[in-house]
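[1] heads up, no residue letters with this:
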């Protein structure tokens, strides 16, 4: 049994907001109230930058109804940032924590953020400053190690599955020969894979799904598109923003720098691929990029994801109060049918800067689809995709020739 | 009182599907059942192309529950097309109608489709073939003349208002200096104007709204962005896909051909504008293009829009059975508060090929916002935009210097 540690807790957000990062925040706020060891709870305004600038929102005295409402809302209610810290930044963080008697630090983020949390904890220990640091997982990319999945992924998967269902329906009604949809996910195929949840029938969109774990040559891409077009007369392609050709290049798309961690992403990959199709196959092609809506749409919050995000926030507080540190909360799948998950803990060291990529054995041999084990994995996280009703296909006999 | 006309009715869809074109279809199907003059109802598969190919879905014997469910679903359940007809195509349409004893033709579409409907009607009259033709308005662009607004607009406005609310929330949490959001609407500013419905507070996104009715120079655009950035440190811009500079050019964006009617639209306008900002102001800028989701998202159907779309389908059938022809159903606003609308009729001749653009006196003198009369006009069509809850902004006093 660890000693009781009394002091202030700080919660901060790192990286892109998700549809449920506020649910984790609400979990932290509500759980912190239950522990007298936590004398006050501060929200770092705009992530670690808020810590550096001593910009803290007092979360102790918030109206419980507002906290609950915020917890159902996408985006980060305290703000986030992307910032790679210098050695002097870490010193400053410790000085700020010391000045405010901060003894608990909850950092909600992805693998970069878990590294930041770990560095803060190590410096505190080296300086003899007692601090408990717990990471709360958050990423729509689902690329955090040690956890079955990450809060944020289920809702982003829910959004993109519905997006492909709706884009697919529109495309069925008014076919563009080729539509290329660019999906978030950085270098991991988890999110683009979730577009497969859109299908009710085998020939429903998306017809081709490319994952960055499997680079694809320009020739193969063009051949795949041509093959589907010959069979169906229309092709909806889902491609991850991090997709590359066999040389590791994004098909000539313009790279943009996404954050302070040197992550570079194609700014117009779908547009470039659509142009490629038009040039090589003389087919009209359009590009679609749902973009930020994929992580911010209130209408597509997965209820399972929201509840798990909240549970992760609560578990983080409980673990820290119980004496844990240098851990990230994980989600542990107990059962597939019915789906059931609990929380666990994994060392920050095992998740910091590690990218968990999509399993190669869940990719179809064709290289442009995913297999059933993935669908079984992802379906309970995204929640049900309502099927589109269809009219009875009774055709009137023709009376004229052509 | 016109003579009773007995025969088959054909309903067809023209142009891009909307979130509620199926509601109009359900209205036609359900109303047609009530009139014995209509001996059968056929749905032209993929619009006027279905008529040319005699490809008719029998809508007479559909399950009422399925029809009701389809009526709540985005996209076109019978399919649509974009096709500019030749003289021989019109002759063929008449031959097909004659072969099937088609006496009622309901064409759901925009101003191009209304012209097609009118030409079919004129040819029938010239040939002494009795045919009643009624147009059902449908366009997310809201650019049809003679009607207060068009079915499809309210839901597209609802989508884009929520999109800007959610993108704005994400952008508040993790500011990108400049985000340019490209909105549908062709050459009319109605839809981009609806992004203003996203705002709860004056400084909420979108910070700049550009309408194609007011071309803008590159220099003015850059100056506007710089001015907002200096004040707020972040800028969310909403721009219509049809926006041009003062020379009528789309800022160097690649033009793509959208349909068979020679409508050309920029394929990557937001991307080009984002690059322009980066080049001229050395600010990081990203582009967002919600694209097809803007007209196909099930989650953002406006209930008012859905009911009105259905009422337009019903009114078309009633008007035709009562002896009307060469008319388009219109929506007539009776009252603003509480909002109340009924249906009316306007001659196809007055709407065919006419583009109703956004009123210049609803654009702010600055050229980058809309005025209250527009908000009063659009709010009841889109329905309420739920506000985002915010935490109490109580900050913890600082204890350290910078």
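    Yep, it's here. Given the structure is predicted, the values throughout are model-derived calculations rather than measurements.
[2] Residue A:90: neighbour count?
    Here the number of neighbours of residue A:90 (other CB atoms under 10 Å in any protein chain shown) works out to 18. Heads up, the C-betas are built off the backbone N, CA and C, glycines and all.
[3] Skipping adjacent residues, who's closest to it in space?
    residue A:123 (5.0 Å; CB to CB, 6 or more residues apart in numbering or on different chains).
[4] Could you pull up the mean pLDDT of stretch A:30-41?
    What stretch A:30-41 shows for mean pLDDT is 98.
[5] Assumed the residue nearest to residue A:90 was part of a helix.
    Yes: per DSSP: H, G, I helix; E, B strand; the rest coil, residue A:123 lies within a helix segment.
[6] Now do the same contact list for it.
    By CB atoms under 8 Å, 6 or more residues apart in numbering or on different chains, the residues touching residue A:123 are A:90, A:91, A:93, A:94.
[7] Looks like residue A:72 contacts residue A:306 (just checking).
    Yes: the pair residue A:72 and residue A:306 qualifies as a contact (CB atoms under 8 Å) at a distance of 7.0 Å.
[8] the more surrounded of those two?
    residue A:306 (22 against 16).
[9] Is chain B within reach of the longest helix along chain A?
    In chain A, with assignment by DSSP state H, the single longest helix is helix A:153-173. Yes: contact of helix A:153-173 with chain B (CB under 8 Å from any CB of the partner chain) involves A:162, A:163, A:166, A:167, A:169, A:170, A:171, A:172, A:173.
[10] Compute the distance from the centre of that helix to the centre of its chain.
    Taking the mean of its C-alpha atoms, helix A:153-173 sits 16 Å from the chain's own mean (CA atoms, centre = their mean, to the nearest Å).
[11] By neighbour count, which of the residues of helix A:153-173 next to chain B wins?
    Going by other CB under 10 Å, residue A:170 tops these with 29 neighbours.
[12] Burial check on the nearest residue to that one once chain neighbours are set aside, number of neighbours?
    Computed as CB to CB, 6+ apart, the closest residue to residue A:170 that is not its neighbour in sequence is residue B:296, at 4.2 Å. Per other CB under 10 Å, the neighbour tally for residue B:296 reads 29.
[13] repeat for residue A:322
    12.
[14] Which pLDDT does the model give it?
    Residue A:322 is given a pLDDT of 97.
[15] try the one 5 residues further on
    Model confidence at residue A:327, given as pLDDT, is 98.
[16] Please apply the same query to residue A:257.
    The model's pLDDT for residue A:257 equals 59.
[17] again with residue A:253
    Looking at residue A:253, the pLDDT reads 76.
[18] my guess is it is in a helix, correct?
    No: using three-state DSSP, the assignment for residue A:253 is coil, not a helix.
[19] what's the spacing between it and residue B:181?
    Using CB to CB, to the nearest Å, residue A:253 is found at 20 Å from residue B:181.
[20] Figure out the helix or strand that the nearest residue to residue A:234 once chain neighbours are set aside lives in.
    In this structure, residue A:234 finds its nearest non-sequential neighbour in residue A:175, 4.1 Å apart by CB to CB, 6+ apart. Under DSSP states H and E, no helix or strand contains residue A:175.
[21] got the contact list for the nearest residue to residue A:183 once chain neighbours are set aside?
    Among residues not flanking residue A:183 along the chain, residue A:192 sits closest, at 4.3 Å (CB to CB, 6+ apart). For residue A:192, the contact set (CB under 8 Å, 6+ apart) comprises A:160, A:183, A:185, A:209, A:210, A:211, A:212, A:238, A:239, A:240.
[22] which one of the residues you listed is nearest residue B:375?
    residue A:160 (31.8 Å; CB to CB).
[23] So what's the residue count around that closest one?
    Residue A:160 has 30 nearby residues by other CB under 10 Å.
[24] correct me, but it touches residue A:290?
    Yes: with contact defined as CB under 8 Å, residue A:160 reaches residue A:290; the gap is 7.0 Å.
[25] Give me the common contacts of the two.
    The contact lists of residue A:160 and residue A:290 share residue A:183, where a contact means CB under 8 Å, 6+ apart.
[26] separation between residue A:120 and chain B?
    17 Å (CB to the nearest CB, to the nearest Å).
[27] Could you measure from that residue over to residue A:87?
    According to CB to CB, residue A:120 stands 12 Å off from residue A:87.
[28] Check residue A:125 too.
    16 Å.
[29] State the number of residues packed around residue A:65.
    By the criterion of other CB under 10 Å, residue A:65 has 9 neighbours.
[30] Give me the nearest residue to the residue sitting nearest the centre point of chain A, chain neighbours excluded.
    With distances taken as CA atoms, centre = their mean, residue A:140 lies nearest the centre of chain A, 0.4 Å away. Closest residue to residue A:140 apart from its sequence neighbours, by CB to CB, 6+ apart: residue A:156 at 3.6 Å.
[31] Contact partners for the one you found?
    Taking CB under 8 Å, 6+ apart, we find residue A:156 in contact with A:18, A:19, A:140, A:184, A:191, A:194, A:294, A:295.
[32] quick one: which of the residues you listed has the most company?
    residue A:18 (34 neighbours).
[33] Export the contacts of residue A:156 to a markdown table and append columns for pLDDT.
    Conversion of the contacts of residue A:156 to a markdown table gives the following (pLDDT from 0 to 100):
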| residue | pLDDT |
| --- | --- |
| A:18 | 98 |
| A:19 | 98 |
| A:140 | 97 |
| A:184 | 95 |
| A:191 | 98 |
| A:194 | 98 |
| A:294 | 95 |
| A:295 | 96 |
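[34] Identify, from those residues, the entry nearest to residue A:276.
    Looking across the contacts of residue A:156 and measuring by CB to CB, the closest to residue A:276 is residue A:184, at 20.9 Å.
[35] That closest one contacts residue A:143, correct?
    No: in this structure, residue A:184 is not within contact of residue A:143 by CB under 8 Å, at 11.4 Å.
[36] can you pull out the strands in the stretch 1-150 of chain A?
    Taking DSSP state E, counting those that start in this stretch as the criterion, the stretch 1-150 of chain A contains strands spanning A:7-13, A:38-44, A:56-58, A:102-109, A:132-137.
[37] can you pull out the strands in the stretch 301-402 of chain A?
    A:327-335, A:340-347.
[38] okay, these, which one's buried deepest?
    strand A:327-335 (a mean of 20; mean count of other CB atoms under 10 Å in any protein chain shown).
[39] Packing partners of it?
    strand A:132-137, helix A:303-321, strand A:340-347, helix A:348-351 (3 or more CB pairs under 8 Å, 6 or more residues apart in numbering or on different chains; DSSP states H and E).
[40] ok, back up a step: look up how far residue A:237 lies from the residue nearest to residue A:140.
    19 Å.
[41] about what we covered before: and residue A:253 and residue B:181? which has more neighbours close in?
    Ranked by neighbour count (other CB under 10 Å), residue A:253 and residue B:181 place residue B:181 first, with 28 against 20.
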